[in-house]
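J.: Sequence and predicted model, in that order:
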Amino acid sequence: MVKLKYLLSGVRYSTDRCISGVTISRVTNDSRKVVKGDLFIALRGQKKDGYGFIGDAIKRGAKTIVSERDFEAPENVIKVLIKDTRAASPVIASNFYGNPSKKLRIIGVTGTNGKTTITYIIENILKEAGIPAGVIGTINYRINERRLPAANTTPGPLELQALFDMMLKSGVKNVVMEASSHSLDQGRVDNVLFDVGIFTNITKEHLDYHKTIKKYFAAKIKLFDKLKSNGIAVLNNDDHMVSGLKKRIKNKVLTYGLNRRSDIMACGINLSVDSTFFTIKMPKGSFSVSTKLIGRHNVSNILASVAAAIALKIPLGIIKKGIESFRAVPGRLELVDEGQPFKVFVDYAHTEDALYNVLSLLREMVPDRNIITVFGCGGNRDSAKRPLMGNVACKFSDNVIVTSDNPRFEDPSAIISQIESGIRGEFSNYNIVEDRRDAINKALNMASKGDVVVIAGKGHEKYQIMKEKTIPFDDCAVARSVLRKII
C-alpha cells in the first residue's frame with residue numbers, strides 16, 4: 001500500500017478531497033484490468049484517450065481517478081486533476097514502486113540497428129562475471145532464467161517500473177534494456193536513471209511516426225539526458241551524427257568504431273560465414289576474440305558491448321569470455337541447419353540499412369555463390385523505405401523473391417507494388433510470390449550446394465499480422481519444415 005499523497009509527489013494536481021490518509025494498492029491505465037480500490041490513470045494515448053474509459057473504470061471499482069479533464073463521479077470516487085497524464089504517468093509509476101531505477105544499475109541501448117544483439121552480448125558478459133541480469137527488449141523480457149513476453153520493445157511506464165520492481169525482488173540489480181525512439185519520445189522511460197547509455201546509429205526508420213530524421217534523432221538522444229551524474233555515454237564514432245551528439249553530452253564519453261579513430265576499435269578482422277576473428281584495441285591494452293556472430297555490423301555490436309562492460313568495470317578476461325561463449329541472437333542472422341548443402345539464415349532486417357548490412361556482408365564472403373533473398377515490408381509503417389529495400393535486395397542478391405511480411409491493414413499486393421517500383425526496369429533478378437510460405441518454399445528449392453538463402457524481415461517473430469488477425473508464422477519453423485522435405 002502506498003499513500004496517495006506520496007504517489008503524487010512531483011506531480012502538480014488538484015483535488016477537492018483531503019487525501020492525506022488515502023492509500024493505494026494498485027495503479028493501472030487499462031480500465032479492463034481495474035479491480036476494487038485501484039487508482040486509474042486516464043492516459044491520453046496515441047490512438048485512444050483514457051478519458052473515455054473512466055466510466056468503465058469506476059464500474060469496475062476504481063476509487064481514485066487521475067485525469068486531465070473533470071468528469072462526473074460518485075461521492076466515493078476521488079478525482080485527481082492534472083495537466084498531462086502522459087508526463088505524470090512515469091512519475092506516479094516510479095513513486096508507486098519506490099523509485100527502483102535508483103537502486104539498479106541500468107544500461108540503455110538506443111539507435112536504429114544493433115540494440116537487441118548488444119543487450120544479448122552484455123547479458124552474456126554479465127553472466128560470465130557471475131552477475132545476475134535482467135533484460136528488457138524486442139524479443140522478450142528476461143529476469144535471470146525467467147522469460148516474459150514483450151508487447152513492446154520498451155514497455156509503458158507502469159509496466160516498466162513493475163519489471164524493475166520484479167527484478168529487484170528477484171535479486172537482479174543489473175538491467176540491460178533497449179530504449180526505442182517511441183518510448184523516449186512518449187516519455188515511457190522518464191524517471192529512469194541510466195548508468196550507461198549506448199548509441200548505435202541512425203538510419204531511416206519509423207518516419208511514419210517521427211516524420212523526419214531530425215525528429216527521430218532528437219527522440220533517440222533523449223536517453224543521454226537521463227544518465228546519472230556519474231553515468232557514461234557509449235557512442236558509435238562511425239555514425240555521422242555522433243560528432244554533434246558528443247558536444248551536448250555532459251557525462252564521460254567512450255567511443256567505439258571500425259572506421260574512425262575511437263577509444264575501442266577493431267583491427268585484423270577476418271570474416272567467414274561461420275565465424276569472425278578480430279583484435280580489440282583500447283587505450284590500455286588489446287585482446288583477440290573469436291565469435292560465432294558474423295559480419296562487420298556484429299563486430300561493431302561487440303565493440304559497443306565491450307565499451308559498456310569497461311564502463312561497468314568488468315575485467316577484460318571476463319569480457320573476452322563473455323563474447324566468445326555467446327552463440328546467437330534469435331532471428332539475427334540465425335542459422336537454420338537441417339543438414340542441407342547450403343546456408344539458410346533468418347534475419348530481422350526490415351530497413352534498407354539493415355538489409356544492406358546483411359547482404360553486402362554475405363556478398364563479400366561468398367562472391368562466387370548464389371545469394372537468394374526472400375523479403376517483404378510491413379504494412380502501416382514507413383512506406384518510403386519499400387523501393388529502397390527492393391533495390392538493395394536485387395543489387396546484392398542473385399535471386400530475390402518479394403513477398404508479404406506483416407501487411408496489417410494494407411493490401412499486400414500494394415506493398416509489393418511499392419517495393420517493385422524501386423527495381424522495375426533496373427533489375428530482372430526477382431520474382432513476386434505474395435504468400436510468404438510459398439516464397440520460402442520456392443527460395444529453398446532454388447538453392448544449390450554452397451548457396452546462401454536469406455529470409456529477411458521478421459526474424460524472431462512467430463506470427464503474421466493480417467488486418468484484425470494475428471496468425472502463427474515462424475520463418476525458422478517454416479524453413480525447417482521445407483528443408484526436411486528437400487534433403
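T.: Yep, that arrived.
J.: Could you measure from Asn174 over to Ile319?
T.: 15 Å (C-beta to C-beta, to the nearest Å). To be clear about C-beta, it is placed using only N, CA and C from the backbone, and glycine gets the same treatment.
J.: right, I mislabeled it, should have said Ser421
T.: For Ser421 relative to Ile319 (C-beta to C-beta), the value is 46 Å.
J.: neighbour count winner among the two?
T.: Set Ser421 next to Ile319 and count neighbours by other C-beta atoms under 10 Å: Ile319 wins out with 25 against 13.
J.: residue contacts, His297?
T.: Neighbour list for His297: 113-114, 357-358, 361 [criterion: C-beta atoms under 8 Å, 6 or more residues apart in numbering].
J.: and those, which are buried?
T.: Neighbour counting with 16 or more other C-beta atoms under 10 Å marks 113-114, 357-358, 361 as buried within those.
J.: From these, pick the one nearest Arg327.
T.: Using C-beta to C-beta, Gly114 is the member of those that lies nearest Arg327, at 17.4 Å.
J.: Quick check: closest non-adjacent residue to the closest one.
T.: Thr200 (4.2 Å; C-beta to C-beta, 6 or more residues apart in numbering).
J.: one step back: out of the buried ones among the contacts of His297, what pair is the most spread apart?
T.: The most widely separated members of the buried ones among the contacts of His297 are Gly114 and Leu361, with 13.7 Å between them, by C-beta to C-beta.
J.: Go through the contacts of His297 and flag which are in helices.
T.: 357-358, 361 (DSSP state H).
J.: in the stretch 101-250 of the chain, which spans are helices?
T.: In the stretch 101-250 of the chain, the segments counted as helices under DSSP state H, counting those that start in this stretch are 115-128, 157-169, 181-185, 207-210, 213-220, 242-248.
J.: what about the second one, average pLDDT?
T.: Confidence for helix 157-169, expressed as mean pLDDT, is 96.
J.: Any idea how far that helix is from the middle of the chain?
T.: 18 Å (C-alpha atoms, centre = their mean, to the nearest Å).
J.: quick one: contacts of it?
T.: Helix 157-169 has contacts (C-beta under 8 Å, 6+ apart) with 27-29, 41, 89-90, 93-94, 96-98, 100-101, 103-104, 134, 136, 141, 143, 148, 151, 154-155, 173, 175, 187-192.
J.: Check which residues of that helix are buried.
T.: So for helix 157-169, counting by 16+ other C-beta under 10 Å, buried means 157-168.
J.: send the alpha carbons of it over as CSV?
T.: The C-alpha coordinates for helix 157-169 follow below in CSV (Å, rounded to 0.1, in the frame of the first residue of the first chain):
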residue,chain,number,x,y,z
PRO,A,157,6.0,3.4,-17.6
LEU,A,158,3.7,1.3,-15.3
GLU,A,159,4.9,-2.0,-16.8
LEU,A,160,8.5,-0.8,-16.9
GLN,A,161,8.6,0.2,-13.3
ALA,A,162,6.8,-3.1,-12.3
LEU,A,163,9.5,-5.0,-14.2
PHE,A,164,12.2,-3.1,-12.3
ASP,A,165,10.5,-4.0,-9.0
MET,A,166,10.3,-7.7,-10.0
MET,A,167,14.0,-7.7,-10.8
LEU,A,168,14.9,-6.2,-7.5
LYS,A,169,12.8,-8.7,-5.7
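J.: and the closest residue to Thr470 other than its chain neighbours, what are its phi and psi?
T.: Using C-beta to C-beta, 6+ apart and skipping residues adjacent in sequence, the residue nearest Thr470 is Tyr463, 5.0 Å away. Backbone torsions for Tyr463, taken as degrees, to the nearest 10, come to phi -160, psi 170.
J.: Run through the bridge partners of Tyr463.
T.: Counting by DSSP bridges, Tyr463 is bridged to Pro472.
J.: Distance of it relative to Leu355?
T.: For Tyr463 relative to Leu355 (C-beta to C-beta), the value is 21 Å.
J.: swap in Thr138?
T.: In terms of C-beta to C-beta, Thr138 sits 17 Å off from Leu355.
J.: Assign a three-state SS to the nearest residue in space to Leu483 that is not next to it in sequence, would you?
T.: Of all residues not flanking Leu483 in the chain, Glu338 sits nearest, at 4.0 Å (C-beta to C-beta, 6+ apart). Three-state call for Glu338 (DSSP: H, G, I helix; E, B strand; the rest coil): coil.
J.: residues in contact with Glu338?
T.: Counted by C-beta under 8 Å, 6+ apart, Glu338 has contacts 480, 483-484, 487.
J.: Quick check: phi and psi at it.
T.: phi -120, psi 20.
J.: Below-threshold pLDDT in the stretch 101-250 of the chain: ranges please.
T.: 204-211 (pLDDT under 70).
J.: Could you rerun that using 80?
T.: Scanning the stretch 101-250 of the chain with the threshold set as pLDDT under 80 gives 203-211, 213, 216-217, 219.
J.: Tell me which helix or strand the nearest residue in space to Phe427 that is not next to it in sequence sits in.
T.: Nearest non-adjacent residue to Phe427, counting by C-beta to C-beta, 6+ apart: Cys394, 3.8 Å away. Assessed by DSSP states H and E, Cys394 sits inside helix 385-396.
J.: After that helix, which helix or strand is next?
T.: Using DSSP H and E, the helix or strand that follows helix 385-396 towards the C-terminus is strand 399-402.
J.: Just give the strands next to that following strand in its sheet, each with its orientation.
T.: For strand 399-402, pairing defined by DSSP bridges yields strand 371-375 (parallel), strand 430-432 (parallel).
J.: Ala439: which of those is closest?
T.: Proximity to Ala439 (C-beta to C-beta) singles out strand 371-375 among the strands paired with strand 399-402, at 5.1 Å.
J.: May I have the beta-bridge partners of Ile136?
T.: The partner residues for Ile136, given DSSP bridges, come to Tyr141, Met177.
J.: Would you mind measuring from it to Leu43?
T.: For Ile136, the distance to Leu43 - C-beta to C-beta - is 20 Å.
J.: again with Ile294
T.: 43 Å.
J.: Let me see the ranges of the helices in the stretch 251-400 of the chain.
T.: Along the stretch 251-400 of the chain, counting by DSSP H, counting those that start in this stretch, helices occupy 296-311, 316-324, 352-365, 385-396.
J.: Now do the buried residues in stretch 93-105.
T.: For stretch 93-105, by 16+ other C-beta under 10 Å, it's 93-97, 99-101, 104-105.
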